[in-house]
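Asker: prediction below, plus the sequence it came from.
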Amino acid sequence: MPVFGLLQDYDFEYGLELHSHSFMLVVTVTWHLSSMDELLRFAALYISKDCSPGWDSTVNKVEPLGQHTVAEAVWRVHGVDGVGVKTDDVLRRNWLIPEKDSPYDAWVVEASATDEDQPFGVSLPPVDDGHVRAADVLKFTAITGDHDKGAAGFTLKVRHVLTVCPGSLSMALMRFMPKWGLRKALGSALERAVRVTPEHVQKHYHRLEDTVQSGPAARFYAALSSRILQK
């Protein structure tokens with residue numbers, strides 16, 4: 001049962017489809033920004049998971065696990081999913097700059113961490129009581145930046161493709177929902193994140209700037225900036 005949504009006042013649209021034990025979500029949003037510095041602060045929301053609280057309503061707390069590197073990190077994420085189930089996930093993210101002939105400027109891959117991964121030498125913590133841990137989370141994010149050399153202005157296009165097995169309780173609840181219920185349960189969080197993004201970036205300017213300029217991934221953000229400016 002596919003569900004679609006968009007915000008006419010924003011360059012944003014999404015599609016959701018339920019499967020027997022999982023769901024797939026595709027999201028596309030384009031931001032029109034005034035500078036490269038602003039573009040990187042917006043990009044940090046989609047790259048650094050610890051920038052999510054207060055922006056993504058499904059995320060309450062993000063705890064780093066182990067030592068992060070310039071292109072890889074593992075986080076423990078507490079939150080509440082779209083149907084009200086408390087979550088306690090451990091997620092690994094990798095990000096990279098693709099080859100020059102790629103139409104994208106950066107790739108971000110997020111997946112469920114496992115005990116076999118031994119993220120940076122840290123064992124996975126047990127799931128908190130009353131919470132569930134999603135299995136087989138797989139999320140691809142493609143980031144494209146551009147600028148008009150003849151005018152002041154930058155664009156940042158972000159496309160997510162997410163597949164997740166959220167657990168039997170969440171799936172059971174979603175399967176019994178009509179389309180409007182799914183749109184409200186899952187789409188409302190996506191729409192809220194888009195609406196609050198400009199205000200959130202402004203409010204958390206210093207934190208996002210520190211992430212870009214001096215965080216573990218600072219060299220990655222510098223490389224992303226260089227790639228976009230060289231177009």
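Answerer: Cool, got the structure.

Asker: mind listing the strands for this protein?
Answerer: 2-7, 11-18, 23-33, 59-65, 72-80, 86-96, 106-112, 135-147, 154-165 (DSSP state E).

Asker: could you list every helix and strand that the second one packs against?
Answerer: Packed against strand 11-18, as judged by 3 or more CB pairs under 8 Å, 6 or more residues apart in numbering; DSSP states H and E, are the following elements: strand 2-7, strand 23-33, helix 168-175, helix 188-203. Yep, even glycine has a C-beta here, placed from its N, CA and C like the rest.

Asker: could you do the third one as well?
Answerer: Packing partners of strand 23-33 (3+ CB pairs under 8 Å, 6+ apart): strand 11-18, helix 36-47, strand 154-165, helix 188-203.

Asker: which one of these lies closest to L182?
Answerer: strand 11-18 (6.5 Å; CB to CB).

Asker: on that earlier part again, any idea which of the helices and strands packed on strand 11-18 is most buried?
Answerer: Counting by mean count of other CB atoms under 10 Å, strand 23-33 has the highest mean neighbour count of the helices and strands packed on strand 11-18, with a mean of 18.

Asker: ok, the residue sitting nearest the centre point of the chain - contacts?
Answerer: With distances taken as CA atoms, centre = their mean, Y46 lies nearest the centre of the chain, 4.4 Å away. Applying CB atoms under 8 Å, 6 or more residues apart in numbering, we find Y46 in contact with V108, T141, I143, V158, H160.

Asker: so where's this structure uncertain?
Answerer: 1, 117-122, 149-152, 166-174 (pLDDT under 70).

Asker: just the buried ones among the contacts of Y46, please.
Answerer: V108, T141, I143, V158, H160 (16 or more other CB atoms under 10 Å).

Asker: that older thread, for the residue nearest to the centre of the chain, give its distance to P125.
Answerer: Counting by CB to CB, to the nearest Å, the separation of Y46 from P125 is 25 Å.

Asker: so who does S226 touch?
Answerer: Counted by CB under 8 Å, 6+ apart, S226 has zero contacts.

Asker: circling back: out of the strands of the chain, the one nearest D129 is which?
Answerer: It is, among the strands of the chain and with distance given as CB to CB, strand 86-96, at 9.4 Å.
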